[in-house]
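> quick one, structure for this:
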Amino acid sequence: MTQKEFKSFGDSIASKLGDSNKLHGYFEDAAPRLFYTCYTFGLLETKSLGRVLEIGPFYGYVPFLLRNQSTSYTVVEGPEPAVDPLLPLYGEANIDVQLLDFFEIFGPVNSATHRLPFPDNSFDTIICWETMEHFNFNPVKFVRELFRVCAPGGKVHITVPNKASFQALAGLWSRRKEPATIQSYYQFEDYHSAGKTAFYGFHWREYTPEELSALFSKVSFKIAKCRTAVMLHQHKQISLKRKLLRFVNKCVGSLAPRHGTNVLLTAVK
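Below is the predicted model of the structure:
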């Protein structure tokens, strides 16, 4: 599959949603990154992924792409109304969907179970892309649960924004990122989701390659791969300044890989 074919496939899924689809722009911006991620983890050419669990796909459409390469496919999403239009399509594709509030499962509340609703050794392939940075709780229990539900020999594929990326360091140097972050907190102060005033889109914690490797190896995962890459959003209109920053990002990521935009990790049980 080429990147163009990948984009066309996503567009075909979006067309089934019709007027209910308000967030296809997410896929359009993220398509090159999603394709690169699938390619890097070798998912497109793997004939059988076995039992797959994908956490937080949102409007990436990857479950629909990989469904035919799996014996079963389970999607976990947060209780966010924005994903509701996708639910009927998941049903048509025989993809099981679990709407789970990770903040209540793993957060510092008395009712927290710290347990995913799946038996031990349930999945051969686990995918969690650009989701862990949205966790505002200690991630150790979550990683322990991934180890529990992963079958022996199974693989977990993780991506997160790189805390040591050039763009993150440049944002600190310019001092522009911090005020923008605080402004976003106020912007979504009263955001309503699933009966709560809560917004799940913030980046609470990003990771360096060393941090992500340590997080997973501490629970007995074997780290098969941990690397960085420069994966940028594809915006339709880009200013000259942003084009220049993208060029610098790519150069820095090539010359000093530790400062790429994203961390990609494969852990094996």
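
> all strands for the stretch 1-150 of the chain, in order.
50-55, 70-77, 96-99, 123-129, 150-161 (DSSP state E, counting those that start in this stretch).

> so what strands line up beside the last one?
Under the criterion DSSP bridges, strand 150-161 sits next to strand 123-129 (parallel), strand 262-268 (antiparallel) in its sheet.

> now the first one: mean pLDDT?
Okay, so that is strand 123-129. Per-residue pLDDT over strand 123-129 has a mean of 98.

> ditto for stretch 247-263
pLDDT averaged over stretch 247-263 gives 78.

> span of it from start to end?
Start-to-end span of stretch 247-263 (Cα to Cα, to the nearest Å) is 19 Å.

> try stretch 84-96
14 Å.

> and stretch 131-150, by the same measure?
Terminal-residue distance, stretch 131-150 (Cα to Cα): 18 Å.

> least trustworthy helix or strand in this protein by mean pLDDT?
helix 240-255 (a mean of 70; mean pLDDT, DSSP states H and E).

> the residue nearest to His203 when sequence neighbours are not counted: how many residues sit nearby?
Nearest residue to His203, sequence neighbours excluded (Cβ to Cβ, 6 or more residues apart in numbering): Glu133, at 4.6 Å. Glycine gets a C-beta too; all of them are placed from N, C-alpha and C. By other Cβ atoms under 10 Å, the residues close to Glu133 number 16.

> report the beta-bridge partners for the nearest residue to Leu264 once chain neighbours are set aside.
Using Cβ to Cβ, 6+ apart and skipping the chain neighbours, the partner closest in space to Leu264 is Thr159 (5.1 Å). Thr159 has these beta-bridge partners by DSSP bridges: Trp129, Leu264.

> distance-wise, check the closest residue to Phe6 other than its chain neighbours relative to Tyr191.
Distances taken as Cβ to Cβ, 6+ apart place Phe35 nearest to Phe6, at 4.4 Å, with adjacent residues excluded. As judged by Cβ to Cβ, to the nearest Å, Phe35 and Tyr191 stand 31 Å apart.

> and those two? Which one has more around it.
Phe35 (23 against 13).

> wait, doesn't the more buried one sit right on Gln3?
Yes. Counting by Cβ atoms under 8 Å, Gln3 is a contact partner of Phe35 at 4.7 Å.

> returning to that earlier point: would TSV of the strands of the stretch 1-150 of the chain with mean neighbour count and distance to Asp29 be doable?
Shown next, in TSV, are these (neighbours: other Cβ atoms under 10 Å; distance: least, Cβ to Cβ, whole Å):
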stretch	mean neighbour count	distance to Asp29
strand 50-55	22	19
strand 70-77	20	19
strand 96-99	14	24
strand 123-129	24	14
strand 150-161	20	15
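
> adding distance to Ser254, write those out as CSV.
Putting those into CSV (distance: least, Cβ to Cβ, whole Å) gives the following:
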stretch, distance to Ser254
strand 50-55, 30
strand 70-77, 34
strand 96-99, 39
strand 123-129, 22
strand 150-161, 18
